[in-house]
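**Student:** missing the sequence, but the structure's below:
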C-alpha cells in the first residue's frame, strides 16, 4: 500500500496546477534533514491561499474539510482525504509563514524553517526531529532561528534544544 512519500509527488503536481506558492512541511520535510529516518502517516504542506484550491482538490477526488478562522476570512487548514491518503494543507495566515514559503527550496521548507515549525509544535516527535536534525551537523542560520523563536516566544525551547547531547 502506498504511503506518504508516494503521495508527495502527485499531490505536489496537483498543487502546482493552482499555485507555486507551496512548500513541503512536517515530518517529510524534517526527513530531508534528520540524521535518522522516522515514519509518518501523513503529508503536510504550507501554502498561500487560493480560491481554486478546494474545487481543484475536490475535482481530484479528495474529501476536503476546511478549518476557518473568522478573523482571517479563509481557511487556515485544509484536511484532505482520499482513500488512505492523509494530507494536511496549512494555509499561511501570518507573515512568518509567507517568509518560510519564500525561503523554501525545491518546494520544501529549509532546515531552519523546519526547526522553527518544530519548536512551535513542541510535541515529543517534534523534539525528536529537532534532536536528529541538530545531530546531522547542518550549517544553520542560527540568527534566523533565534529571531523567529523570539517572535513566536519559543526561544527557551530553542536554547533547551541546542543543549541536548546527541549520542
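**Tutor:** Done, it's in. Please read all numbers here as calculations on a predicted model, not as lab measurements.
**Student:** tell me the contacts of the residue sitting nearest the centre point of the chain?
**Tutor:** Nearest to the mean C-alpha position of the chain, by C-alpha atoms, centre = their mean, lies residue 25 at 2.0 Å. Shown in contact with residue 25 (C-beta atoms under 8 Å, 6 or more residues apart in numbering): 44, 45, 46, 90, 109, 114, 117. Where C-beta positions appear, they are placed from N, C-alpha and C, glycine not excepted.
**Student:** try residue 164
**Tutor:** Going by C-beta under 8 Å, 6+ apart, residue 164 touches 131, 134.
**Student:** could you redo the last one with a cut-off of 6 Å?
**Tutor:** residue 131 (C-beta atoms under 6 Å, 6 or more residues apart in numbering).
**Student:** do the same with residue 75
**Tutor:** Per C-beta under 6 Å, 6+ apart, neighbours of residue 75: 66, 67, 68, 91.
**Student:** in a strand, that's where the second one is, yeah?
**Tutor:** This points to residue 67. Yes: secondary structure of residue 67 (DSSP: H, G, I helix; E, B strand; the rest coil): part of a strand.
**Student:** Just give me the neighbour total for it.
**Tutor:** 12 (other C-beta atoms under 10 Å).
**Student:** roughly how far is stretch 31-43 from the heart of the chain?
**Tutor:** 12 Å (C-alpha atoms, centre = their mean, to the nearest Å).
**Student:** now do stretch 128-139
**Tutor:** 16 Å.
**Student:** and the longest helix seen in the chain, which residues are buried?
**Tutor:** Longest helix in the chain by number of residues (criterion: DSSP state H): helix 4-18. By 16 or more other C-beta atoms under 10 Å, the buried positions in helix 4-18 come out as 4, 7, 8, 11, 12, 14, 15, 18.
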